[in-house]
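quick one: sequence plus predicted model below, questions after.
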2 protein chains.
Amino acid sequence: MTVLTRGKRPASGPPVVARALGLLEAFDEVHVRLSLTELSRRSGTPVSSTARLASQMLAWGALERDEQGRYCVGLRLYEVGSLCPRSHDLREVALPFMGDLAEATRQHVLLAVREANVALLVERLSGHHAMPVLYRVGGRLPLHSTAVGLVLLAFAPEDVQAEVLAQRLSHEPEKVAVTPRSLRRSLADARRERAVVLRRRVPQPTMAVAVPITDAAGRVVAALSLVVPDHTTDPWRLVPALRTTAAAISRGL
Amino acid sequence: MTVLTRGKRPASGPPVVARALGLLEAFDEVHVRLSLTELSRRSGTPVSSTARLASQMLAWGALERDEQGRYCVGLRLYEVGSLCPRSHDLREVALPFMGDLAEATRQHVLLAVREANVALLVERLSGHHAMPVLYRVGGRLPLHSTAVGLVLLAFAPEDVQAEVLAQRLSHEPEKVAVTPRSLRRSLADARRERAVVLRRRVPQPTMAVAVPITDAAGRVVAALSLVVPDHTTDPWRLVPALRTTAAAISRGL
């Protein structure tokens, strides 16, 4: 934990808007509610500045405080965020088709887009008795170790692929290394088949099958997947249903 | 259109964070993409300040630019907004149960929360051949003229009810006036029945049935509704299914 001197402000530094937005970076899936001290520490902003910036964000509704006085992301920001065309337009078109797939499989149907070198889950429909998965809507998925991620990476610009291939990669939380060679082969397979089948052991034996969704110009803009318990079916039997659904969504974009 | 002098800045005015966040208010469901001039005009910010603030928001990802150079809400903001507990925790619990209702009715299932004096739609599941509705996820619904809104208003604090009752209200786009007297009666009915049935003619004859969802302390925190074509069923036949689903969601919160 960094000790910050109260009231001391950097002589120069990032502009105030960047520092205000930087407060939002303190929040993630396991840090949904933060005290002022935690918000200050996690955003690397002195407590006095954090309090001042946070009060302006509270006034607008970008932050809210709960009954214990802890800060969390405000509903106003959820509302504005929902206007992002890259998630909203896609969701609107995709949801009814995803519903059909969910009904047929009663497991998980995922819809993801790429943001820089991660995949972002923009929708997930899950059956009632679907097995547990680690994904939540709005959450990040690694490109190299999820079926949707591999589809998005396979059709990403070369510099993005090179950047990911240059990293030290592994499947988490199993900590199984992913070599550049095996990843390159997976991406080549994904481009050739226009589909990815990925098996994982954690949190339980799972099989994910993903296919690309394209825009009017034929560019891959999203990936759609089914995640089901492993050994329940031949993965390639799921591919035609996924392809049909992806084609319907692509046509609607 | 207000003519703004380039480069001229107010001697005093709202702090820079408020002005930056104010740019986001320029976006809504019919203004998803805006040119710099439109962003300036709709946010009431001089063009030069708009350009400067927008560039900082672009750098962080709160805004994005499309191929025509127009600004839109960035995926980063969608990602952060998804961490808002009031929508996220509720959605996570509610989605599988909503899926059951959607499967049974093949129409629309809506989940909404109250934010000040509007309802905010946090989830919508819609069948494939469901009739068109005017609602979108993240969008606002009036409290006085939607079934979910009436449920939320009926159980809202008295000052919120008084504020809404003091307004000149109508059903839009039909422009049918809603008198304070009829609204008061609707709210009393909603509290007594713990359910609302609302019929609308636009965009087509529609019947909506809504019930409250409560937290562990028994406070109404959300409303769940079914929206179906009118005359397809007795609305009160839908209430038990909705109540069962709402109870299951309430228990999960």
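Perfect, I can see it now.

only C-alpha atoms for contact and neighbour calcs from this point on.
Noted.

would you mind naming what in the stretch 101-250 of chain A lies close to chain B?
The stretch 101-250 of chain A comes close to chain B at residues A:103, A:115, A:120, A:125-128, A:137-139, as judged by C-alpha under 8 Å from any C-alpha of the partner chain.

among these, which lie within helices?
Residues from these lying in helices, with DSSP state H as the criterion: residue A:103.

for the residues of the stretch 101-250 of chain A next to chain B, which entry has the maximal number of neighbours?
Among these, the one with the most neighbours (other C-alpha atoms under 10 Å in any protein chain shown) is residue A:120, at 29 neighbours.

give the closest residue to it in space, chain neighbours not counted.
For residue A:120, ignoring the flanking residues on the chain, the nearest one in space by C-alpha to C-alpha, 6 or more residues apart in numbering or on different chains is residue A:140 at 4.7 Å.

what's the local residue count around that neighbour?
For residue A:140, the count of nearby residues is 20 (other C-alpha under 10 Å).

which residues does it contact?
A:118-121 (C-alpha atoms under 8 Å, 6 or more residues apart in numbering or on different chains).

now, these that are in strands?
Of the positions in those, A:118-121 sit in strands, assigned by DSSP state E.

sorry, back to before: which of the residues of the stretch 101-250 of chain A next to chain B sits closest to residue B:215?
Lowest distance from residue B:215 to these (C-alpha to C-alpha) belongs to residue A:128, with 20.7 Å.

per-residue pLDDT, that closest one?
Listed pLDDT for residue A:128 reads 62.

check the one 5 residues further on too.
The confidence metric pLDDT takes the value 64 at residue A:133.

next: the one 10 residues further on.
Confidence at residue A:143, expressed as pLDDT, is 96.

what's the closest non-adjacent residue to it?
Using C-alpha to C-alpha, 6+ apart, the closest residue to residue A:143 is residue A:149 (3.7 Å).

check contacts around the one you found.
Counted by C-alpha under 8 Å, 6+ apart, residue A:149 has contacts A:112, A:114, A:118-119, A:141-143, A:223.

highest neighbour count among the residues you listed?
Comparing the contacts of residue A:149 by number of neighbours (other C-alpha under 10 Å), residue A:112 comes first, having 31 neighbours.

let me see the contact set for that one.
Counting by C-alpha under 8 Å, 6+ apart, residue A:112 makes contact with A:119-123, A:148-149, A:222-224.

wait, which of the residues you listed is closest to residue A:208?
The nearest member of the contacts of residue A:112 to residue A:208, counting by C-alpha to C-alpha, is residue A:148 at 8.4 Å.

now the closest one: which helix or strand?
Residue A:148 is located in helix A:147-154, with elements delineated by DSSP states H and E.

buried residues in that helix?
Within helix A:147-154, the residues scored as buried using 16 or more other C-alpha atoms under 10 Å in any protein chain shown are A:147-154.

and the next helix or strand after that helix, what's buried?
Once the chain leaves helix A:147-154, the next helix or strand it forms, by DSSP H and E, is helix A:158-165. Judged by neighbour count using 16+ other C-alpha under 10 Å, the buried positions of helix A:158-165 are A:160-161, A:164-165.

relative to helix A:147-154, how tilted is helix A:158-165?
Calculated by axes from the mean of the first three to the mean of the last three C-alpha atoms, to 10 degrees, helix A:158-165 forms an angle of 130 degrees with helix A:147-154.

ok so, going back, of all pairs in the contacts of residue A:112, which one is the farthest apart?
Those two in the contacts of residue A:112 that are separated most widely, counting by C-alpha to C-alpha, are A:123 and A:149, at 14.2 Å.

show me what residue A:214 bridges to in the sheet.
residue A:220 (DSSP bridges).

contacting residues for it?
So residue A:214 contacts A:220-222, A:250 (C-alpha under 8 Å, 6+ apart).

neighbour-wise, which of these leads?
Going by other C-alpha under 10 Å, residue A:222 tops the contacts of residue A:214 with 28 neighbours.
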